[in-house]
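Trainee: Predicted model and sequence follow; I will ask about them next.
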Amino acid sequence: MTDLDRSVAEMTLAGFAEDLASDKPAPGGGAAAAVAAALGACLTAMVVRLSLDRPKYAQHTALHEEALSLSDAARMAFLELADADAAAYRAYRAARSLPHETEAEEAARAAVTRDAARGAAQVPLDVVKACHAQVDLVERVTGRTNLYVASDLEVAALLLDSAARSAAANVRVNLGSIGDDGFANAVTAELDQRLQQIQSTADRVRERVAKGTLRRPEGE
């Protein structure tokens, strides 16, 4: 099986690190951002699992069950996005390698490149969106899960914040190659808004963890 046949989910941590450190252009920063986000989802799931079936936290059982299902799904989704990011980058490189000696070839190459750039921007944008959803979930469970491992939720929030900002950098670097100013402006505005909200949520998580106290169940 070649490196290109292996999904990130099938690789060992050492194997992924070796690929990332090699002279191959993919996986790169986008895949690394998605893997970091997956670790944030893993930590969320870990804290929830350490809270389930504990009488002290029984009033939050419904939230725990929801959070565990969502976090496990997010972990796998982030790993799939890591693969998608590497594939999108390879597609962009392939587009740039197309012949462009004649006007017809140049026009065809430009069109394929624009489409590939849009794909290379869309995948990390999806990572940002998924980070936003997961950090919101982290904020919901903070103070409603095992207080002895609450600091792991802060780490989860920090990983998701960093992953979102890293993915956003990959979005922005591809926008100029799409050739659609309206799309680029809309995506940039969305990124700015989401990153601000993600950071604010991560800050709230840190503050909640520092308090070290339980919160009331949602809706009370």
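Mentor: It's in. Numbers count the residues shown, from 1 in each chain.
Trainee: Gly212 reaches Tyr148, doesn't it?
Mentor: No: at 9.9 Å, Gly212 does not count as touching Tyr148 under the criterion of Cβ atoms under 8 Å. The way it works is simple: take the backbone N, C-alpha and C, and place the C-beta from them, glycine included.
Trainee: The residue nearest to Ala94 when sequence neighbours are not counted: neighbour count?
Mentor: The shortest distance from Ala94 to any non-neighbouring residue, by Cβ to Cβ, 6 or more residues apart in numbering, is to Ala116 (7.5 Å). Ala116 has 22 neighbours, counted by other Cβ atoms under 10 Å.
Trainee: Report the rounded mean pLDDT for the one helix or strand Glu66 maps to.
Mentor: Using DSSP states H and E, Glu66 maps to helix 61-96. For helix 61-96, mean pLDDT rounds to 95.
Trainee: thinking again about what came up before, for the residue nearest to Ala94, what is the enclosing helix or strand?
Mentor: Using DSSP H and E, Ala116 falls in helix 103-141.
Trainee: Please tell me how far the helix or strand following that helix is from the chain's geometric centre.
Mentor: Sequence order places helix 150-175 as the next helix or strand after helix 103-141, per DSSP H and E. For helix 150-175, the separation from the chain centroid amounts to 7 Å (computed by Cα atoms, centre = their mean, to the nearest Å).
Trainee: Point out the other helices and strands that helix 150-175 packs with.
Mentor: Contact partners of helix 150-175 among helices and strands, from 3 or more Cβ pairs under 8 Å, 6 or more residues apart in numbering; DSSP states H and E: helix 29-49, helix 103-141, helix 181-211.
Trainee: Return the distance of the residue nearest the centre of the chain relative to Pro217.
Mentor: Geometric centre of the chain, nearest residue: Val127, 3.6 Å, by Cα atoms, centre = their mean. Remark: distance between Val127 and Pro217 (Cβ to Cβ, to the nearest Å) = 31 Å.
Trainee: about what we covered before: please convert the helices and strands packed on helix 150-175 to JSON lines, extending it with distance to Asp161 and mean pLDDT.
Mentor: What follows is those, written out as JSON lines (distance: least, Cβ to Cβ, whole Å; pLDDT from 0 to 100):
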{"stretch": "helix 29-49", "distance to Asp161": "9", "mean pLDDT": "97"}
{"stretch": "helix 103-141", "distance to Asp161": "7", "mean pLDDT": "94"}
{"stretch": "helix 181-211", "distance to Asp161": "4", "mean pLDDT": "97"}
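Trainee: Among these, which comes closest to Arg165?
Mentor: helix 181-211 (6.1 Å; Cβ to Cβ).
Trainee: For the closest one, buried residues please.
Mentor: For helix 181-211, burial by neighbour count (16 or more other Cβ atoms under 10 Å) applies to 184, 187, 191, 194-195, 198, 201-202, 205, 208-209.
Trainee: Spatially nearest residue to Cys131 (excluding sequence neighbours)?
Mentor: Ala164 (3.9 Å).
Trainee: nearest to Ala82, of the helices and strands packed on helix 150-175?
Mentor: So among those, helix 29-49 is nearest, using Cβ to Cβ, at 3.8 Å.
Trainee: roughly how far is the closest one from the heart of the chain?
Mentor: With Cα atoms, centre = their mean, you get 8 Å for helix 29-49.
Trainee: The most far-flung residue of the chain relative to its centre and Arg109, how far apart?
Mentor: For the chain, the largest distance from the centre (Cα atoms, centre = their mean) belongs to Thr102, which lies 40.3 Å off. Counting by Cβ to Cβ, the separation of Thr102 from Arg109 is 10 Å.
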